[in-house]
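> Everything below, folded, please.
(chains A and B)
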Protein chains: 2
Amino acid sequence: MRETNRQWVLAERPAGRPTVECFDLVEEAVPDPGPREVLVRTRYMSVDPYMRGRMRDADSYAEPWDVGEVMHAGVVGEVVESNSPKWDAGDVVNGNLRWADYAVADEDQLVAVDPERAPISTALGVLGMPGRTAYFGLLDVGEPKPGDTVLVSGAAGAVGSVVGQIAKHAGCRVVGVAGADEKVHWLTGELGFDEAINYDTTENLRAAVAAACPDGVDVYYDNVGGPITDAAFANLAVRARVVVCGQISLYNAEERPTGPRQLGELITKRARVEGVLVRDYVERYEEANERLARWVGDGTVQYRETVTEGLENAPDAFLGLFDGVNVGKQVVKVSEYEPG
Amino acid sequence: MRETNRQWVLAERPAGRPTVECFDLVEEAVPDPGPREVLVRTRYMSVDPYMRGRMRDADSYAEPWDVGEVMHAGVVGEVVESNSPKWDAGDVVNGNLRWADYAVADEDQLVAVDPERAPISTALGVLGMPGRTAYFGLLDVGEPKPGDTVLVSGAAGAVGSVVGQIAKHAGCRVVGVAGADEKVHWLTGELGFDEAINYDTTENLRAAVAAACPDGVDVYYDNVGGPITDAAFANLAVRARVVVCGQISLYNAEERPTGPRQLGELITKRARVEGVLVRDYVERYEEANERLARWVGDGTVQYRETVTEGLENAPDAFLGLFDGVNVGKQVVKVSEYEPG
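Modelled structure (predicted):
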C-alpha cells in the first residue's frame, strides 16, 4: 500500500481544447473509510469524452466539476479496507470514484466485478457504461431491423465498436466511420463490419457514405457530430432513426455552433433524431450486462482496449480521445491487479 | 365562361429568393375534358411554402417542376363540364390541379367539398392540407400531454395557428412565435395562446423563450428553422419532442447550411426530433377532416385567411409567404363562387 494518495484536480477550465495545464496532481494521506464505507485502490480508471462537459461551467446532464475539486471517473478497483458487511478486502468493485490512487466509497455506491468472467478492465468498457450505452442506444433508440443499413461514427471507439457488432448480430448491414486505416482494417476485419470509411483520407464524405450505403442509412449512430454527421444526414433513408450519443468533434469548439441547421432532410425523409443517455435505462442494466457478457464470451462481440500506464498519465490519455489515439476503450492502468 | 385559360408556368429556377421573373403567365384555349375527366374552373388556389422546393432542381419529397411546365397547386373549384358519372356540373371539388383558370382533372383525382359546411376556401386551409398537417404533426409526432408546454413557430400561419389551438384543446400551455404585433395579438387574443413572441422585435430570442416557457419546451412545432429553432433547442425540456414541419427561413438561402450542428442538447435532454409529411397519414385523413370540421364548427379552432384577388397576382401571393405577409392561410381568389 502506498503511503500517499495522488489525486488529479481540475486546475482551470479549458477554453477550447483542454491542455495538461488544466490538471493538477496533488497528494494527500490515504484516507480512512468511515462506518459503512470501504477504501478502494484503483486498478483501472476510465477516461471518457463526456468528461469534457464536466470541465465546463455549464448546465449539462452531468454536474460541472468545481475548479480545485478532485475529478470523478469510472474506476475498477480492489477493496483494501472495509467497514461494511457487504464488502471484503480483495473484492473487485466498480463505481464512480476518482482520478486517484485510492478513494473512499459508500458501501452502496459500488457494484461487484467478477474477475473470472473477463479481464476486470472490461467493466469500464465493453461490459460497462460504454457497452450499455451501445446496447440501449442502438436497440431502444435506433430500433434496427434485419436488412437495415446502420452507419456508425466513432466506429472504432468504445461505444461505436460495440454498436456495430450488435447491429451485425441484429442482421444489419453495418458501415463504420473512423479516422485511421488501422481502425478501418480492424472494423472490416475482426469485427465484421461490411464497410468502413476513413474520414481523414476521404475527400467527399457525402459521396463515400452514399457509395457505402446505396439504399440509404436506416440507422445513424452518431458519436461525433460535425461534417460526418452532415454526410449521414444527406443520406438518410425514409423513416431513418438517428441516435445522438456523442458529439466529440464539437466538444472543444471555442465558438460552439448556435443550434441545429438544415433539418429539412428530416421532413423529406420523415426521419427521427433522438438523444440517448444510458442512465435512463438503469432499471434494465442487468439485461444489457447479461447479454453483453454472453456475447463477449461467445465471440459475438469482440473488443480492444488502449491502456495507458500510470495515474500520472491520465490527462494525456484523456486528451488523446480528442485525437482519436485510442482503438476501442481507453483506460488508465493505475496499479497492478493480482487475482487473489 | 372565359374564352381562354391563363396558366402560370415556371419561367426559370430561382437562385435564392424567387422573383416575379421566375413566373410566366401564358394563355391557351380552355381545354376539353376527355372520357372520365371533368373540367374544373378554379375558384381558389393555394400557395404554400413547400412549393419553393418544387422550383428547385433537387431531390425532395415533391417532384421538381420542369422549367416551362404549368405549376401545380391545391385548388378548390367548380365542375363546369363533366364526362364522368361521379361528378356533375356545379359540384365543388378539391384537388391538386394548376395555377390556372381551368384544369382538366381525372374523375378520381378530386374530392368533394361541401359548400354548406364552411366557406369553400377552407378546403385549402384549416379543413385541408395545412389543417391535417397540424393535426397529425402535433398529435402523432409531438404527442402533447395535458400540462405540457408547446412552442410553435410560424404560429400565425396556416399550420401554426391550428397547431396552437389543438394544443390548447389538448390541455397544454401554448406559446407562439410570429413576426408582427398584429399576429401576436391575434394569437393571444382570439386564438387563446398563453403567450406569443414577436421575433422581429425581440433581441434575445433564447431568453424570451426561456421566460415564456419557464418549465422548458415539451413540444416544439417547427415551421421555420433558423434562429428561432436555435432558441427553442436551447430551452428543450427533458424528453422533449420537436416536430419538423417546415423550414421556411431557410428555403431561399443561396448557401444552404451544410447540415445539423449542435445536436448536443438532444443528449442532455434525451429529446426527439422528427420530420412530418402529411401524406404519410392518407389512410387517416377522414379522422382529421371530421375533427377539424367539428372544431371549426364549435369555435374550438378559429381561422383567418389572407385572400389575394386574381390569378394574375398569384406569384405575389406566393412571394409574400417569405415575408410573412399572410395572417392565417394565404389563398388566391381566381373567380367568384356563387352557390348554386
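> hey, which helix or strand in chain A has the poorest pLDDT?
Ranked by mean pLDDT, DSSP states H and E, the weakest helix or strand in chain A is helix A:264-269, scoring a mean of 89.
> Show me what it is packed up against.
With contacts defined as 3 or more Cβ pairs under 8 Å, 6 or more residues apart in numbering or on different chains; DSSP states H and E, the secondary structure elements packing on helix A:264-269 are strand A:236-244, strand B:236-244, strand B:272-275. Bear in mind the C-beta positions are built from the backbone N, C-alpha and C, glycine included.
> For B:Ser161, which of these is the nearest?
strand B:236-244 (15.1 Å; Cβ to Cβ).
> what stretches of chain A score poorly on pLDDT?
Within chain A, the stretches with pLDDT under 70 are A:1-2, A:59-60, A:256-259.
> Write out the residues of it neighbouring chain B.
For chain A, the residues in contact with chain B under the definition Cβ under 8 Å from any Cβ of the partner chain are A:59-61, A:222, A:225-227, A:229-231, A:233-234, A:244-247, A:250, A:256-277, A:280.
> From the residues you listed, list the buried ones, please.
In terms of neighbour count (16 or more other Cβ atoms under 10 Å in any protein chain shown), the buried residues within the residues of chain A next to chain B are A:61, A:222, A:225-226, A:229-231, A:233-234, A:244-247, A:250, A:257-277.
> ok so, going back, can you put the helices and strands packed on helix A:264-269 in TSV and add distance to B:Val113?
TSV is the format used below for the helices and strands packed on helix A:264-269 (distance: least, Cβ to Cβ, whole Å):
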stretch	distance to B:Val113
strand A:236-244	31
strand B:236-244	28
strand B:272-275	29
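> Check those for me and report the most buried one.
Most buried of the helices and strands packed on helix A:264-269, by mean neighbour count (mean count of other Cβ atoms under 10 Å in any protein chain shown): strand B:272-275, with a mean of 26.
> Reduced to three states, what does the residue of the stretch 51-200 of chain A found nearest chain B come out as?
With Cβ to the nearest Cβ as the measure, A:Tyr61 is the residue of the stretch 51-200 of chain A nearest to chain B, at 4.8 Å. At A:Tyr61 the chain is in coil, as set by DSSP: H, G, I helix; E, B strand; the rest coil.
> For the stretch 101-250 of chain A, which segments count as helices?
In the stretch 101-250 of chain A, the helices defined using DSSP state H, counting those that start in this stretch lie at A:129-136, A:160-169, A:181-188, A:205-212, A:227-233.
> With just CA atoms, put the shortest one into CSV.
Translated: helix A:227-233. Once non-C-alpha atoms are left out, helix A:227-233 reads as follows in CSV (Å, rounded to 0.1, in the frame of the first residue of the first chain):
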residue,chain,number,x,y,z
PRO,A,227,-19.1,17.0,-41.1
ILE,A,228,-19.5,13.2,-40.7
THR,A,229,-23.0,13.9,-39.4
ASP,A,230,-23.7,16.2,-42.2
ALA,A,231,-22.8,13.4,-44.6
ALA,A,232,-25.0,11.0,-42.8
PHE,A,233,-28.0,13.4,-42.8
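> List of residues touching it?
A:151, A:153, A:177, A:199, A:205-206, A:208-209, A:217, A:220, A:222, A:242, A:249, A:262, A:265, B:258-260, B:263 (Cβ atoms under 8 Å, 6 or more residues apart in numbering or on different chains).
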